[in-house]
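Trainee: just a sequence and a predicted model for now, questions to come.
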Amino acid sequence: PIPPIYSLMLTAILAVIAYAMFNWRQYVEHAEFMQRLDPFVKSLHLHDHLLSSGADSWTESRDLFTALCRDALGAERACLVFEGAMPATGPQRMDYQWSPAFEAVVQHPIEQPGEWARLDGDYWLWPLADSRGTIGRLILGPRLNGSEYTVQELQVAATCAERILDALAGEQLARVAVNLLRQRIA
């Protein structure tokens with residue numbers, strides 16, 4: 001016969017080990033989540049980009065778009081198209097795992113501004129607009145795990161796409177202003 005104190009101690013030790021393992025797993029998941037969230041909370045360093053070439057801003061914005069699609073949404077593919085917001089000399093879109101086989105989806109007309117439209121059953125289209133009208137579109141492909149996007153995920157995707165577009169457009173405007181100021185000073 002085992003004294004009751006030993007069984008009580010063994011139960012307490014097992015409970016402490018289980019609790020420690022649970023907390024450790026929660027810590028690891030939190031650290032992974034914070035690492036995936038890092039591109040969203042980083043600044044786009046507008047001042048640095050104004051003094052250098054514009055390639056870094058596109059790289060950072062592309063990294064942000066990739067993090068949105070891959071980590072936050074789990075999208076199989078996505079495309080962010082700029083319509084009239086960027087100068088004609090720069091890239092007119094950002095792609096994530098997009099191939100030429102899906103170009104017909106990009107050309108789909110926008111039916112209702114300000115609302116998500118379901119295209120071909122697997123794709124979602126969000127028209128990006130401001131006070132001047134449509135300035136772009138975000139197209140999300142199916143999810144990697146096959147599930148549907150939630151309303152909150154679609155809202156986050158639209159907001160992040162608009163933030164990326166605003167940041168790039170704002171940087172372009174600031175770059176033009178800096179160049180005019182340099183010419184004026186010269």
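Mentor: Thanks, I have the structure now.
Trainee: what sits closest to the residue minimising distance to the centre of the chain if chain neighbours are left out?
Mentor: Among the residues of the chain, Leu68 comes closest to the average C-alpha position under CA atoms, centre = their mean, at 2.2 Å. Leaving aside its sequence neighbours, Leu68 sits nearest to Cys160 (CB to CB, 6 or more residues apart in numbering; 4.9 Å). Quick note: C-beta positions are derived from backbone N, CA and C, even for glycine.
Trainee: that's a helix at the one you found, yeah?
Mentor: Yes. According to DSSP: H, G, I helix; E, B strand; the rest coil, Cys160 belongs to a helix.
Trainee: related to what we said a few turns ago, from Ser61, how far off is the residue nearest to the centre of the chain?
Mentor: Relative to Ser61, Leu68 is positioned 10 Å away (CB to CB, to the nearest Å).
Trainee: same deal with Ile17?
Mentor: 46 Å.
Trainee: returning to what we had before: from what I can see the residue nearest to the centre of the chain touches Leu154, true?
Mentor: No. If you go by CB atoms under 8 Å, Leu68 and Leu154 don't touch, sitting 11.9 Å apart.
Trainee: output the longest helix belonging to this protein.
Mentor: When the chain is scanned for its longest helix (criterion: DSSP state H), the result is helix 4-41.
Trainee: downstream of the lowest-mean-pLDDT helix or strand in the chain, the next helix or strand is which one?
Mentor: None of the helices or strands of the chain scores lower by mean pLDDT, DSSP states H and E than helix 46-51, at a mean of 55. Using DSSP states H and E, the helix or strand that follows helix 46-51 in sequence is helix 55-67.
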